[in-house]
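Chemist: What shape does this take:
(one chain, ligands or ions: 1)
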Amino acid sequence: MTKTNPIVHGLMMDVPLTIPSLLTFAARYHSETEIVSCTSDLGRFRYNYAKAQRRAGRLSNALRRLGIKRGDRVGTFAFNDHRHFELYFAIPALGAIVHTINPRIGAEALSYIVKHADDKLIFVDPSLLATLHGAIPDFPLERLVILTGDRTLAGQYPGILIYEDLLLNESEDFALVDIEEREASGLCYTSGTTGMPKGALYSHRSTVLVAMAACAAGAMAISGAETVLPVVPMFHVNAWGVVHASAMAGAKLVLPGANLSASALTPLMDDEAVTISVGVPTVWRDLLIHLDETGRKPRVLSRLVMGGSNPPSEMIDGFELRHGISILHGWGMTEIGGTGSIGTAHHGSSQLADADKRKLKLKQGHALWGSDLRLIDDAGKEVPADNTSSGHLMIRGPWVVGGYFGNDDNSSFENGWFRTGDVARIDADGFLEITDRAKDVIKSGGEWISSLAIEAVAREHPAVADAAVIGIPDPKWQERPLLIVVPRERHTVVQDELLDFVGARLPKWWRPEGVVFSDTLPRNANGKVLKTALRDQYVI
Ligand code: AMP
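Modeler: Modelled structure (predicted):
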(Lines give C-alpha, C1' and ligand atoms only; values in the text may rest on other atoms or scores of the structure.)
Protein backbone atom coordinates (compact mmCIF):
# COMPACT_ATOMS: atom_id res chain seq x y z
CA MET A 1 0.00 0.00 0.00
CA THR A 2 1.39 3.43 -0.94
CA LYS A 3 1.34 5.99 1.79
CA THR A 4 0.46 9.56 0.84
CA ASN A 5 2.48 12.23 2.54
CA PRO A 6 0.47 14.41 4.88
CA ILE A 7 0.42 18.10 3.97
CA VAL A 8 2.86 20.13 6.03
CA HIS A 9 1.69 23.71 6.42
CA GLY A 10 4.21 26.52 6.38
CA LEU A 11 4.51 28.27 9.70
CA MET A 12 3.80 31.71 8.36
CA MET A 13 1.30 34.23 9.69
CA ASP A 14 -2.09 34.01 8.08
CA VAL A 15 -2.62 37.72 7.54
CA PRO A 16 -5.46 38.28 5.05
CA LEU A 17 -4.93 40.44 1.96
CA THR A 18 -7.51 43.17 2.51
CA ILE A 19 -8.34 46.51 0.94
CA PRO A 20 -8.46 48.60 4.15
CA SER A 21 -4.93 47.42 4.94
CA LEU A 22 -3.72 49.36 1.87
CA LEU A 23 -4.98 52.68 3.20
CA THR A 24 -3.86 51.91 6.75
CA PHE A 25 -0.38 51.28 5.37
CA ALA A 26 -0.36 54.48 3.30
CA ALA A 27 -1.65 56.53 6.24
CA ARG A 28 1.04 55.15 8.51
CA TYR A 29 4.11 55.20 6.26
CA HIS A 30 3.21 57.81 3.64
CA SER A 31 1.06 59.99 5.88
CA GLU A 32 2.07 63.31 4.31
CA THR A 33 1.92 62.14 0.69
CA GLU A 34 -0.73 64.11 -1.12
CA ILE A 35 -4.01 63.16 -2.72
CA VAL A 36 -5.19 65.91 -5.06
CA SER A 37 -8.81 65.90 -6.21
CA CYS A 38 -10.96 68.00 -8.54
CA THR A 39 -14.60 68.42 -7.49
CA SER A 40 -17.35 70.90 -8.32
CA ASP A 41 -17.70 72.25 -4.77
CA LEU A 42 -14.02 72.45 -3.76
CA GLY A 43 -12.19 73.10 -7.02
CA ARG A 44 -8.73 71.56 -6.76
CA PHE A 45 -8.64 70.12 -3.26
CA ARG A 46 -5.61 68.54 -1.59
CA TYR A 47 -5.03 66.50 1.53
CA ASN A 48 -2.91 63.48 2.38
CA TYR A 49 -3.16 59.75 3.10
CA ALA A 50 -3.37 60.27 6.88
CA LYS A 51 -6.30 62.67 6.51
CA ALA A 52 -7.93 60.45 3.90
CA GLN A 53 -7.87 57.54 6.30
CA ARG A 54 -9.44 59.61 9.05
CA ARG A 55 -12.25 60.68 6.72
CA ALA A 56 -12.68 57.11 5.43
CA GLY A 57 -12.95 56.06 9.09
CA ARG A 58 -15.75 58.59 9.64
CA LEU A 59 -17.45 57.38 6.50
CA SER A 60 -17.32 53.73 7.54
CA ASN A 61 -18.99 54.66 10.84
CA ALA A 62 -21.64 56.67 8.98
CA LEU A 63 -22.30 53.71 6.70
CA ARG A 64 -22.75 51.45 9.69
CA ARG A 65 -25.17 53.98 11.24
CA LEU A 66 -27.14 53.90 7.99
CA GLY A 67 -27.49 50.14 8.38
CA ILE A 68 -24.86 48.90 5.92
CA LYS A 69 -23.83 45.39 6.80
CA ARG A 70 -21.37 42.79 5.57
CA GLY A 71 -22.19 41.68 2.02
CA ASP A 72 -24.44 44.69 1.25
CA ARG A 73 -23.90 46.42 -2.06
CA VAL A 74 -23.32 50.18 -1.95
CA GLY A 75 -23.47 51.96 -5.29
CA THR A 76 -21.23 54.77 -6.51
CA PHE A 77 -22.16 56.91 -9.51
CA ALA A 78 -19.22 59.18 -9.57
CA PHE A 79 -16.03 60.52 -11.14
CA ASN A 80 -12.46 60.16 -9.92
CA ASP A 81 -12.24 62.31 -6.81
CA HIS A 82 -11.25 62.07 -3.15
CA ARG A 83 -14.75 61.18 -1.93
CA HIS A 84 -14.89 58.26 -4.36
CA PHE A 85 -11.44 57.31 -3.02
CA GLU A 86 -12.81 57.31 0.54
CA LEU A 87 -15.73 55.11 -0.54
CA TYR A 88 -13.25 52.66 -2.13
CA PHE A 89 -11.87 51.94 1.36
CA ALA A 90 -14.72 52.67 3.80
CA ILE A 91 -17.26 50.33 2.19
CA PRO A 92 -15.01 47.23 2.12
CA ALA A 93 -13.87 48.02 5.69
CA LEU A 94 -17.37 46.93 6.76
CA GLY A 95 -17.25 43.80 4.62
CA ALA A 96 -19.68 45.54 2.25
CA ILE A 97 -19.25 45.78 -1.52
CA VAL A 98 -18.46 48.87 -3.63
CA HIS A 99 -20.70 48.70 -6.67
CA THR A 100 -19.22 51.17 -9.15
CA ILE A 101 -21.80 52.21 -11.74
CA ASN A 102 -20.89 53.59 -15.15
CA PRO A 103 -22.77 56.90 -15.64
CA ARG A 104 -22.90 56.39 -19.41
CA ILE A 105 -24.78 53.10 -19.55
CA GLY A 106 -28.24 54.46 -20.28
CA ALA A 107 -31.43 54.43 -18.21
CA GLU A 108 -32.56 50.87 -18.97
CA ALA A 109 -29.27 49.19 -18.08
CA LEU A 110 -28.88 51.48 -15.08
CA SER A 111 -32.22 50.57 -13.57
CA TYR A 112 -31.52 46.89 -14.33
CA ILE A 113 -28.17 46.78 -12.53
CA VAL A 114 -29.29 48.80 -9.49
CA LYS A 115 -32.12 46.29 -9.06
CA HIS A 116 -29.92 43.29 -9.83
CA ALA A 117 -27.21 44.42 -7.41
CA ASP A 118 -29.86 45.35 -4.84
CA ASP A 119 -27.93 48.48 -3.86
CA LYS A 120 -28.73 49.63 -0.34
CA LEU A 121 -27.37 53.15 -0.82
CA ILE A 122 -26.01 55.04 -3.82
CA PHE A 123 -23.43 57.82 -3.62
CA VAL A 124 -23.84 60.17 -6.56
CA ASP A 125 -21.91 63.08 -8.02
CA PRO A 126 -24.08 66.25 -8.02
CA SER A 127 -23.81 66.60 -11.81
CA LEU A 128 -25.12 63.04 -12.27
CA LEU A 129 -27.99 63.18 -9.82
CA ALA A 130 -30.69 64.08 -12.37
CA THR A 131 -29.58 61.20 -14.65
CA LEU A 132 -29.61 58.70 -11.81
CA HIS A 133 -32.92 59.86 -10.36
CA GLY A 134 -34.47 59.90 -13.84
CA ALA A 135 -33.46 56.27 -14.42
CA ILE A 136 -34.52 54.98 -10.99
CA PRO A 137 -37.30 57.37 -9.86
CA ASP A 138 -38.56 54.86 -7.26
CA PHE A 139 -35.23 54.51 -5.47
CA PRO A 140 -35.86 56.22 -2.09
CA LEU A 141 -34.24 59.66 -1.90
CA GLU A 142 -33.16 59.00 1.68
CA ARG A 143 -30.94 56.18 0.29
CA LEU A 144 -29.12 58.56 -2.06
CA VAL A 145 -26.07 60.53 -0.92
CA ILE A 146 -24.81 63.50 -2.94
CA LEU A 147 -21.03 63.63 -3.07
CA THR A 148 -20.65 67.22 -1.95
CA GLY A 149 -20.65 69.61 0.98
CA ASP A 150 -22.97 71.94 -0.89
CA ARG A 151 -26.60 71.78 0.27
CA THR A 152 -28.11 73.59 -2.73
CA LEU A 153 -29.55 70.46 -4.32
CA ALA A 154 -31.02 69.14 -1.07
CA GLY A 155 -34.03 71.49 -1.37
CA GLN A 156 -35.01 69.97 -4.72
CA TYR A 157 -34.74 66.36 -3.49
CA PRO A 158 -36.39 66.15 -0.04
CA GLY A 159 -34.78 63.59 2.23
CA ILE A 160 -31.60 63.20 0.16
CA LEU A 161 -28.34 62.95 2.13
CA ILE A 162 -25.26 65.17 1.83
CA TYR A 163 -21.90 63.43 2.03
CA GLU A 164 -20.12 65.99 4.20
CA ASP A 165 -23.05 66.08 6.65
CA LEU A 166 -22.78 62.33 7.09
CA LEU A 167 -19.17 62.60 8.22
CA LEU A 168 -19.67 65.47 10.70
CA ASN A 169 -20.14 63.72 14.02
CA GLU A 170 -18.53 60.36 13.37
CA SER A 171 -15.47 58.84 14.99
CA GLU A 172 -12.32 58.69 12.86
CA ASP A 173 -11.53 55.10 13.82
CA PHE A 174 -12.32 52.70 11.02
CA ALA A 175 -15.39 50.58 11.77
CA LEU A 176 -13.40 47.53 10.68
CA VAL A 177 -14.78 44.02 10.73
CA ASP A 178 -12.58 40.91 10.57
CA ILE A 179 -12.43 40.39 6.85
CA GLU A 180 -11.51 37.19 5.14
CA GLU A 181 -9.49 37.84 2.02
CA ARG A 182 -11.85 35.90 -0.23
CA GLU A 183 -14.85 38.01 0.77
CA ALA A 184 -16.40 40.15 -1.94
CA SER A 185 -15.26 43.78 -2.02
CA GLY A 186 -16.28 45.24 -5.38
CA LEU A 187 -18.85 44.77 -8.10
CA CYS A 188 -18.56 46.04 -11.66
CA TYR A 189 -20.99 45.22 -14.46
CA THR A 190 -19.86 44.65 -18.01
CA SER A 191 -21.20 47.04 -20.58
CA GLY A 192 -21.51 44.40 -23.24
CA THR A 193 -22.83 45.02 -26.69
CA THR A 194 -25.39 42.22 -26.49
CA GLY A 195 -27.72 41.18 -23.68
CA MET A 196 -27.97 42.68 -20.22
CA PRO A 197 -24.84 43.59 -18.22
CA LYS A 198 -23.21 40.87 -16.12
CA GLY A 199 -21.57 41.49 -12.74
CA ALA A 200 -17.92 40.77 -11.99
CA LEU A 201 -17.63 40.38 -8.22
CA TYR A 202 -14.08 41.12 -7.06
CA SER A 203 -12.65 39.99 -3.73
CA HIS A 204 -10.27 41.71 -1.31
CA ARG A 205 -7.62 39.21 -2.31
CA SER A 206 -8.03 39.70 -6.06
CA THR A 207 -8.00 43.48 -5.65
CA VAL A 208 -4.83 43.46 -3.55
CA LEU A 209 -3.12 41.13 -6.02
CA VAL A 210 -4.13 43.36 -8.96
CA ALA A 211 -2.63 46.33 -7.09
CA MET A 212 0.56 44.41 -6.40
CA ALA A 213 0.79 43.40 -10.05
CA ALA A 214 0.33 47.04 -11.14
CA CYS A 215 3.17 48.11 -8.84
CA ALA A 216 5.58 45.51 -10.25
CA ALA A 217 8.51 46.89 -12.21
CA GLY A 218 7.56 44.66 -15.15
CA ALA A 219 4.11 46.27 -15.24
CA MET A 220 3.39 49.92 -14.34
CA ALA A 221 6.20 50.22 -11.79
CA ILE A 222 4.16 52.36 -9.40
CA SER A 223 6.34 53.30 -6.44
CA GLY A 224 6.29 55.91 -3.70
CA ALA A 225 8.37 58.16 -5.95
CA GLU A 226 5.60 58.41 -8.58
CA THR A 227 2.69 60.77 -9.01
CA VAL A 228 -0.19 58.85 -10.54
CA LEU A 229 -3.06 60.38 -12.51
CA PRO A 230 -5.81 57.81 -13.16
CA VAL A 231 -7.82 59.15 -16.08
CA VAL A 232 -9.42 55.73 -16.56
CA PRO A 233 -12.59 56.07 -14.49
CA MET A 234 -12.87 54.64 -11.00
CA PHE A 235 -16.28 53.35 -12.11
CA HIS A 236 -14.62 51.11 -14.69
CA VAL A 237 -12.76 48.03 -13.41
CA ASN A 238 -11.45 49.84 -10.32
CA ALA A 239 -9.52 52.20 -12.60
CA TRP A 240 -7.46 49.13 -13.62
CA GLY A 241 -6.21 48.81 -10.06
CA VAL A 242 -4.10 51.98 -10.04
CA VAL A 243 -5.96 53.65 -7.17
CA HIS A 244 -5.38 50.69 -4.86
CA ALA A 245 -1.83 50.39 -6.23
CA SER A 246 -1.12 54.04 -5.41
CA ALA A 247 -2.13 53.47 -1.78
CA MET A 248 -0.07 50.27 -1.67
CA ALA A 249 2.99 52.13 -2.98
CA GLY A 250 2.32 55.41 -1.18
CA ALA A 251 2.40 57.25 -4.52
CA LYS A 252 1.00 60.76 -4.81
CA LEU A 253 -2.45 60.45 -6.34
CA VAL A 254 -4.08 63.04 -8.59
CA LEU A 255 -7.79 62.56 -9.23
CA PRO A 256 -9.02 64.63 -12.18
CA GLY A 257 -12.79 64.79 -11.51
CA ALA A 258 -15.21 65.12 -14.42
CA ASN A 259 -13.22 67.25 -16.86
CA LEU A 260 -10.93 65.00 -18.90
CA SER A 261 -10.28 67.43 -21.72
CA ALA A 262 -6.66 67.87 -22.74
CA SER A 263 -6.81 71.55 -21.77
CA ALA A 264 -7.82 70.54 -18.21
CA LEU A 265 -5.44 67.59 -17.93
CA THR A 266 -2.24 69.30 -19.08
CA PRO A 267 -2.11 71.99 -16.36
CA LEU A 268 -3.05 69.36 -13.78
CA MET A 269 -0.20 67.14 -15.01
CA ASP A 270 2.28 70.02 -14.89
CA ASP A 271 1.22 71.66 -11.61
CA GLU A 272 1.10 68.37 -9.74
CA ALA A 273 4.22 66.93 -11.41
CA VAL A 274 2.42 63.81 -12.65
CA THR A 275 4.88 61.10 -13.72
CA ILE A 276 2.47 58.40 -14.95
CA SER A 277 -1.08 58.53 -16.21
CA VAL A 278 -3.49 55.80 -17.22
CA GLY A 279 -6.38 55.92 -19.70
CA VAL A 280 -7.97 54.92 -22.99
CA PRO A 281 -6.68 55.91 -26.46
CA THR A 282 -9.62 58.26 -27.10
CA VAL A 283 -8.53 60.52 -24.24
CA TRP A 284 -4.85 60.25 -25.19
CA ARG A 285 -5.67 61.14 -28.78
CA ASP A 286 -6.99 64.55 -27.65
CA LEU A 287 -3.95 65.01 -25.43
CA LEU A 288 -1.60 64.30 -28.33
CA ILE A 289 -3.40 66.78 -30.61
CA HIS A 290 -3.23 69.37 -27.82
CA LEU A 291 0.50 68.81 -27.24
CA ASP A 292 1.20 69.00 -30.97
CA GLU A 293 -0.87 72.16 -31.42
CA THR A 294 0.46 74.02 -28.40
CA GLY A 295 4.01 72.68 -28.73
CA ARG A 296 3.96 72.17 -24.95
CA LYS A 297 5.76 69.22 -23.44
CA PRO A 298 4.39 67.97 -20.10
CA ARG A 299 6.90 68.89 -17.41
CA VAL A 300 7.70 65.51 -15.89
CA LEU A 301 5.21 63.06 -17.38
CA SER A 302 7.27 60.07 -18.49
CA ARG A 303 4.77 57.25 -19.02
CA LEU A 304 1.24 56.87 -20.35
CA VAL A 305 -0.55 53.58 -19.91
CA MET A 306 -3.17 52.90 -22.56
CA GLY A 307 -5.65 50.10 -23.00
CA GLY A 308 -9.32 49.39 -23.50
CA SER A 309 -8.91 49.56 -27.27
CA ASN A 310 -5.91 49.49 -29.57
CA PRO A 311 -4.11 52.78 -30.21
CA PRO A 312 -2.94 53.50 -33.76
CA SER A 313 0.82 53.42 -34.33
CA GLU A 314 0.75 57.12 -35.20
CA MET A 315 -0.41 57.88 -31.65
CA ILE A 316 2.25 55.73 -30.00
CA ASP A 317 4.98 57.20 -32.22
CA GLY A 318 3.65 60.72 -31.66
CA PHE A 319 3.96 60.49 -27.88
CA GLU A 320 7.23 58.61 -27.88
CA LEU A 321 9.11 60.28 -30.72
CA ARG A 322 7.77 63.84 -30.62
CA HIS A 323 7.16 64.27 -26.89
CA GLY A 324 9.46 61.76 -25.18
CA ILE A 325 6.62 60.05 -23.30
CA SER A 326 6.81 56.24 -23.17
CA ILE A 327 3.68 54.30 -23.99
CA LEU A 328 2.76 51.18 -22.06
CA HIS A 329 0.10 49.41 -24.07
CA GLY A 330 -1.93 46.90 -22.09
CA TRP A 331 -5.01 44.74 -22.32
CA GLY A 332 -7.63 43.94 -19.73
CA MET A 333 -11.35 43.58 -19.22
CA THR A 334 -14.04 43.92 -16.58
CA GLU A 335 -13.86 40.21 -15.84
CA ILE A 336 -10.15 40.45 -15.01
CA GLY A 337 -10.47 43.27 -12.50
CA GLY A 338 -7.26 44.85 -13.76
CA THR A 339 -4.47 44.28 -16.22
CA GLY A 340 -4.09 41.03 -18.15
CA SER A 341 -1.06 41.93 -20.22
CA ILE A 342 1.23 44.94 -20.59
CA GLY A 343 3.97 46.05 -22.95
CA THR A 344 7.12 46.30 -20.85
CA ALA A 345 10.34 44.93 -22.27
CA HIS A 346 11.51 41.32 -22.11
CA HIS A 347 15.12 40.22 -22.27
CA GLY A 348 14.59 39.30 -25.90
CA SER A 349 12.54 42.33 -26.91
CA SER A 350 14.98 44.79 -25.36
CA GLN A 351 17.58 43.56 -27.91
CA LEU A 352 15.36 44.24 -30.93
CA ALA A 353 16.09 46.81 -33.61
CA ASP A 354 14.21 50.09 -33.14
CA ALA A 355 11.76 49.43 -35.97
CA ASP A 356 10.82 46.06 -34.45
CA LYS A 357 10.48 47.58 -31.00
CA ARG A 358 8.02 50.07 -32.48
CA LYS A 359 6.01 47.27 -34.06
CA LEU A 360 5.93 45.41 -30.75
CA LYS A 361 4.36 48.47 -29.10
CA LEU A 362 1.25 47.88 -31.17
CA LYS A 363 0.71 44.53 -29.50
CA GLN A 364 -1.17 44.44 -26.22
CA GLY A 365 1.93 43.52 -24.22
CA HIS A 366 2.86 40.21 -22.68
CA ALA A 367 1.30 37.99 -20.04
CA LEU A 368 1.99 38.87 -16.43
CA TRP A 369 2.40 36.40 -13.63
CA GLY A 370 -1.16 35.88 -12.42
CA SER A 371 -2.77 36.08 -15.83
CA ASP A 372 -2.06 32.90 -17.71
CA LEU A 373 -3.09 33.13 -21.37
CA ARG A 374 -3.80 30.50 -23.99
CA LEU A 375 -5.56 30.21 -27.34
CA ILE A 376 -8.03 27.59 -28.50
CA ASP A 377 -9.73 26.95 -31.82
CA ASP A 378 -13.47 26.58 -32.48
CA ALA A 379 -13.27 22.90 -31.46
CA GLY A 380 -11.55 23.73 -28.15
CA LYS A 381 -8.12 22.46 -29.25
CA GLU A 382 -5.06 24.44 -28.16
CA VAL A 383 -3.64 26.79 -30.81
CA PRO A 384 0.17 27.24 -30.77
CA ALA A 385 1.70 30.49 -29.51
CA ASP A 386 3.62 30.94 -32.77
CA ASN A 387 2.77 34.59 -33.53
CA THR A 388 0.81 33.46 -36.60
CA SER A 389 -2.09 31.24 -35.54
CA SER A 390 -5.21 32.99 -34.23
CA GLY A 391 -7.50 31.54 -31.61
CA HIS A 392 -10.01 32.33 -28.90
CA LEU A 393 -8.20 33.94 -25.98
CA MET A 394 -8.61 32.13 -22.67
CA ILE A 395 -7.30 33.38 -19.33
CA ARG A 396 -6.98 32.07 -15.81
CA GLY A 397 -5.51 33.47 -12.65
CA PRO A 398 -6.24 34.75 -9.16
CA TRP A 399 -7.84 37.96 -10.42
CA VAL A 400 -9.99 36.46 -13.17
CA VAL A 401 -13.73 35.94 -12.50
CA GLY A 402 -14.82 32.37 -11.86
CA GLY A 403 -18.53 33.09 -12.44
CA TYR A 404 -20.92 36.04 -12.73
CA PHE A 405 -22.75 37.63 -9.82
CA GLY A 406 -26.33 36.36 -9.49
CA ASN A 407 -26.16 34.76 -12.93
CA ASP A 408 -26.14 31.04 -13.74
CA ASP A 409 -24.73 31.47 -17.25
CA ASN A 410 -21.49 29.49 -17.13
CA SER A 411 -20.95 29.36 -20.87
CA SER A 412 -17.73 31.45 -20.67
CA PHE A 413 -16.08 29.13 -18.16
CA GLU A 414 -14.34 26.02 -19.48
CA ASN A 415 -12.11 23.66 -17.46
CA GLY A 416 -10.87 26.35 -15.13
CA TRP A 417 -10.35 28.93 -17.90
CA PHE A 418 -12.38 32.04 -18.76
CA ARG A 419 -13.24 32.61 -22.41
CA THR A 420 -12.54 36.31 -22.97
CA GLY A 421 -14.51 36.63 -26.20
CA ASP A 422 -11.39 38.10 -27.83
CA VAL A 423 -9.56 36.55 -30.76
CA ALA A 424 -5.80 36.87 -30.62
CA ARG A 425 -2.34 35.70 -31.56
CA ILE A 426 0.43 35.08 -29.04
CA ASP A 427 4.15 34.79 -29.72
CA ALA A 428 6.69 32.59 -27.98
CA ASP A 429 7.49 35.35 -25.44
CA GLY A 430 3.83 35.66 -24.50
CA PHE A 431 3.30 38.95 -26.40
CA LEU A 432 -0.39 39.21 -27.18
CA GLU A 433 -2.00 40.65 -30.27
CA ILE A 434 -5.77 41.11 -30.07
CA THR A 435 -7.16 40.82 -33.58
CA ASP A 436 -10.90 40.98 -32.90
CA ARG A 437 -13.85 40.33 -30.66
CA ALA A 438 -15.03 36.81 -31.57
CA LYS A 439 -18.44 38.25 -32.46
CA ASP A 440 -16.87 40.73 -34.87
CA VAL A 441 -14.36 38.51 -36.61
CA ILE A 442 -14.70 38.46 -40.39
CA LYS A 443 -14.61 34.99 -41.94
CA SER A 444 -13.54 35.17 -45.55
CA GLY A 445 -12.93 32.03 -47.60
CA GLY A 446 -12.60 30.04 -44.37
CA GLU A 447 -9.87 32.36 -42.99
CA TRP A 448 -10.16 35.08 -40.36
CA ILE A 449 -9.58 38.71 -41.27
CA SER A 450 -8.71 41.01 -38.36
CA SER A 451 -11.01 44.02 -38.30
CA LEU A 452 -8.78 45.68 -35.67
CA ALA A 453 -5.74 45.47 -37.95
CA ILE A 454 -7.59 47.09 -40.88
CA GLU A 455 -8.95 49.81 -38.59
CA ALA A 456 -5.48 50.54 -37.20
CA VAL A 457 -4.05 50.95 -40.70
CA ALA A 458 -6.98 53.10 -41.87
CA ARG A 459 -6.48 55.42 -38.88
CA GLU A 460 -2.93 56.04 -40.04
CA HIS A 461 -4.26 57.89 -43.10
CA PRO A 462 -4.02 61.64 -42.44
CA ALA A 463 -7.64 62.25 -43.50
CA VAL A 464 -9.11 59.60 -41.18
CA ALA A 465 -10.22 60.55 -37.68
CA ASP A 466 -11.75 57.20 -36.84
CA ALA A 467 -12.51 53.88 -38.51
CA ALA A 468 -14.44 50.68 -37.98
CA VAL A 469 -14.59 47.50 -40.03
CA ILE A 470 -17.46 45.03 -40.19
CA GLY A 471 -18.10 41.90 -42.23
CA ILE A 472 -20.70 42.03 -44.99
CA PRO A 473 -22.11 38.87 -46.58
CA ASP A 474 -20.47 37.77 -49.80
CA PRO A 475 -21.80 35.00 -52.08
CA LYS A 476 -18.33 33.70 -52.92
CA TRP A 477 -16.20 34.36 -49.84
CA GLN A 478 -18.93 34.17 -47.18
CA GLU A 479 -17.91 37.57 -45.73
CA ARG A 480 -15.83 40.52 -46.88
CA PRO A 481 -14.68 43.58 -44.90
CA LEU A 482 -16.45 46.94 -45.19
CA LEU A 483 -14.59 50.01 -43.95
CA ILE A 484 -16.56 52.76 -42.20
CA VAL A 485 -14.64 55.98 -41.86
CA VAL A 486 -15.11 59.24 -39.97
CA PRO A 487 -13.11 61.81 -41.96
CA ARG A 488 -10.91 64.28 -40.11
CA GLU A 489 -12.19 67.86 -40.11
CA ARG A 490 -11.09 69.93 -43.10
CA HIS A 491 -9.76 66.81 -44.89
CA THR A 492 -11.18 65.00 -47.86
CA VAL A 493 -10.35 61.58 -49.13
CA VAL A 494 -11.86 59.44 -51.85
CA GLN A 495 -12.72 55.78 -51.56
CA ASP A 496 -10.14 54.42 -54.01
CA GLU A 497 -7.25 56.32 -52.51
CA LEU A 498 -8.14 55.05 -49.05
CA LEU A 499 -8.53 51.46 -50.25
CA ASP A 500 -5.15 51.62 -51.98
CA PHE A 501 -3.57 53.04 -48.82
CA VAL A 502 -5.04 50.29 -46.64
CA GLY A 503 -4.55 47.52 -49.21
CA ALA A 504 -0.84 48.30 -49.61
CA ARG A 505 -0.21 47.79 -45.90
CA LEU A 506 -2.11 44.53 -45.36
CA PRO A 507 -2.39 41.07 -46.93
CA LYS A 508 -3.92 41.52 -50.36
CA TRP A 509 -7.09 39.61 -49.59
CA TRP A 510 -7.81 41.84 -46.53
CA ARG A 511 -8.44 44.88 -48.75
CA PRO A 512 -12.00 46.07 -47.85
CA GLU A 513 -14.73 45.81 -50.46
CA GLY A 514 -15.76 49.41 -50.02
CA VAL A 515 -15.74 52.50 -47.83
CA VAL A 516 -18.68 54.24 -46.16
CA PHE A 517 -18.17 57.76 -44.81
CA SER A 518 -19.98 58.71 -41.62
CA ASP A 519 -20.01 61.64 -39.15
CA THR A 520 -19.65 59.47 -36.04
CA LEU A 521 -19.36 55.86 -34.92
CA PRO A 522 -21.88 54.43 -32.44
CA ARG A 523 -20.18 53.61 -29.13
CA ASN A 524 -21.09 51.86 -25.88
CA ALA A 525 -20.71 53.31 -22.38
CA ASN A 526 -16.99 52.61 -22.32
CA GLY A 527 -16.35 54.20 -25.68
CA LYS A 528 -16.11 50.94 -27.63
CA VAL A 529 -17.54 50.92 -31.14
CA LEU A 530 -20.89 49.13 -31.32
CA LYS A 531 -20.39 46.88 -34.31
CA THR A 532 -23.82 45.36 -33.81
CA ALA A 533 -25.31 48.79 -34.54
CA LEU A 534 -23.06 49.19 -37.60
CA ARG A 535 -24.11 45.77 -38.90
CA ASP A 536 -27.78 46.69 -38.37
CA GLN A 537 -27.17 49.84 -40.37
CA TYR A 538 -24.99 48.60 -43.21
CA VAL A 539 -25.70 44.89 -43.67
CA ILE A 540 -28.77 44.49 -45.79
P1 AMP B 1 -14.21 46.12 -20.87
O2 AMP B 1 -14.66 44.91 -20.14
O3 AMP B 1 -15.33 47.08 -21.16
O4 AMP B 1 -13.05 46.77 -20.21
O5 AMP B 1 -13.74 45.65 -22.32
C6 AMP B 1 -12.76 44.67 -22.46
C7 AMP B 1 -12.48 44.45 -23.92
O8 AMP B 1 -11.86 45.60 -24.48
C9 AMP B 1 -11.49 43.33 -24.18
O10 AMP B 1 -12.10 42.07 -24.11
C11 AMP B 1 -11.00 43.69 -25.57
O12 AMP B 1 -11.91 43.30 -26.55
C13 AMP B 1 -10.97 45.20 -25.52
N14 AMP B 1 -9.62 45.69 -25.22
C15 AMP B 1 -9.09 45.98 -24.01
N16 AMP B 1 -7.83 46.43 -24.14
C17 AMP B 1 -7.56 46.42 -25.47
C18 AMP B 1 -6.41 46.77 -26.26
N19 AMP B 1 -5.31 47.26 -25.71
N20 AMP B 1 -6.50 46.62 -27.60
C21 AMP B 1 -7.62 46.14 -28.19
N22 AMP B 1 -8.73 45.81 -27.51
C23 AMP B 1 -8.70 45.94 -26.16
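
Chemist: tell me the contacts of Val237?
Modeler: 188, 332-334, 336-338 (C-beta atoms under 8 Å, 6 or more residues apart in numbering). For every residue, glycine as well, the C-beta is placed using N, CA and C.

Chemist: can I assume Thr266 sits in a helix?
Modeler: Yes. According to DSSP: H, G, I helix; E, B strand; the rest coil, Thr266 belongs to a helix.

Chemist: Can you list the low-confidence ranges for this structure?
Modeler: 1-2, 192-194 (pLDDT under 70).

Chemist: domains of it?
Modeler: Per the record, the chain has its domains at 42-197, 370-437, 442-538, by automatic domain parsing.

Chemist: what residues does this structure put near the ligand?
Modeler: 190-191, 237, 307-310, 329, 331-334, 364, 420-422, 434, 437, 526 (C-beta under 6 Å from any ligand atom).

Chemist: For the residue lying closest to Asp466 once chain neighbours are set aside, list the residues it contacts.
Modeler: Distances taken as C-beta to C-beta, 6 or more residues apart in numbering place Val486 nearest to Asp466, at 4.1 Å, with adjacent residues excluded. For Val486, the contacting residues are 464-467, 517-521, by C-beta under 8 Å, 6+ apart.

Chemist: And Leu63, by the same measure?
Modeler: With contacts defined as C-beta under 8 Å, 6+ apart, the neighbours of Leu63 are 74, 90-91, 94, 96, 121, 175.

Chemist: Point me to the residue of the stretch 1-150 of the chain nearest the ligand.
Modeler: Closest to the ligand within the stretch 1-150 of the chain is Asn102: 9.0 Å, counting by C-beta to the nearest ligand atom.

Chemist: What values do phi and psi take at that residue?
Modeler: Per-residue torsions, Asn102: phi -80, psi 120 (degrees, to the nearest 10).

Chemist: From what I see, it and Asn524 are in contact.
Modeler: No. With contact defined as C-beta atoms under 8 Å, Asn102 does not count as touching Asn524 (9.5 Å).

Chemist: more crowded one of the two?
Modeler: Comparing Asn102 with Asn524 by neighbour count (other C-beta atoms under 10 Å), the higher total belongs to Asn102, at 22 against 19.

Chemist: Now for the more buried one: which residues touch it?
Modeler: Shown in contact with Asn102 (C-beta under 8 Å, 6+ apart): 189, 191, 233, 235-236, 525-526.

Chemist: Just those: which are in strands?
Modeler: Tyr189 (DSSP state E).

Chemist: got the contact list for the helix or strand harbouring Pro20?
Modeler: If you go by DSSP states H and E, Pro20 is part of helix 19-29. Identification of contacts with helix 19-29 by C-beta under 8 Å, 6+ apart yields 33, 49-50, 52-54, 56, 88-89, 92-93, 174, 176, 179, 185, 204, 207-208, 211, 244, 247-248, 250.

Chemist: Buried ones in that helix, by neighbour count?
Modeler: Using 16 or more other C-beta atoms under 10 Å as the test for burial, helix 19-29 gives 19-27.

Chemist: Out of these, flag the one nearest to Asn407.
Modeler: Asn407 lies nearest to Ile19 out of those, by C-beta to C-beta, at 23.9 Å.

Chemist: out of everything not next to it in sequence, what's closest to the closest one?
Modeler: Nearest residue to Ile19, sequence neighbours excluded (C-beta to C-beta, 6+ apart): Pro92, at 4.3 Å.
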